[in-house]
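K.L.:
Structure for this input, please:
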Amino acid sequence: MERRLVSKEDESDALILREDQDMINEFARQNVRLHDLKQQLKMLQHDAEGLEDASNEVLLSDEDQVKMKIGDCFFSMVQDDAETVVSGLQEINEQDVDALNGKIEAVEKRLAELKATLYGKFGKSINLEDD
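P.N.:
This next block holds a predicted model:
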């Protein structure tokens, strides 16, 4: 009994050249990179939510001094200084998110180019979709 991943009709007799293998390898690397970038983006978005919560807490504070946790340490700060620190961190986070979105777009564009080329040559005999 012979098991096939691709039906006889969908098989391609296309010769796989070194350039084709290089494109397949690049596709795999770019796909892993895309997943890593998306994971980083989720972490930055989670950080943005935390910074938004911190900003709201600082604004709603009735005290002149607020305690801020940076790393493993707590610092006592004047409310105005704490607002400045949090807003600065929010701006940095937004810049990081924008930069990461730019990288994601570039990787997705390259993956689309590679997909079109590889599917054009190999048809259904190659699977480039995430499962």
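K.L.:
C-alpha from now on. contacts and neighbour counts both.
P.N.:
Noted.
K.L.:
Ranking helices and strands of this structure by mean pLDDT, which lands last?
P.N.:
strand 65-70 (a mean of 84; mean pLDDT, DSSP states H and E).
K.L.:
Which parts of it count as buried, going by neighbours?
P.N.:
For strand 65-70, burial by neighbour count (16 or more other Cα atoms under 10 Å) applies to 65, 66, 68.
K.L.:
starting at the chain centroid, how far to the helix or strand just after it?
P.N.:
Using DSSP states H and E, the helix or strand that follows strand 65-70 towards the C-terminus is strand 73-78. Relative to its parent chain, strand 73-78 has a centroid offset of 32 Å by Cα atoms, centre = their mean, to the nearest Å.
K.L.:
can you state the direction angle for strand 73-78 and strand 65-70?
P.N.:
150 degrees (axes from the mean of the first three to the mean of the last three Cα atoms, to 10 degrees).
K.L.:
Nearest residue to the residue positioned nearest the centre of the chain in space, please, no chain neighbours.
P.N.:
Central residue of the chain (Cα atoms, centre = their mean): residue 38, 2.0 Å from the mean position. Excluding the flanking residues, the one nearest residue 38 by Cα to Cα, 6 or more residues apart in numbering is residue 104, at 7.4 Å.
K.L.:
what's the helix or strand for residue 31?
P.N.:
Following DSSP H and E, the helix or strand that holds residue 31 is helix 18-60.
K.L.:
Counting by contacts, list what that helix packs against.
P.N.:
Judged by 3 or more Cα pairs under 8 Å, 6 or more residues apart in numbering; DSSP states H and E, helix 18-60 is in contact with helix 79-122.
K.L.:
which helices and strands does the helix it packs on pack with?
P.N.:
Right, helix 79-122 is packed against helix 18-60, strand 65-70 by 3+ Cα pairs under 8 Å, 6+ apart.
K.L.:
Since that was my last question, I'll sign off now.
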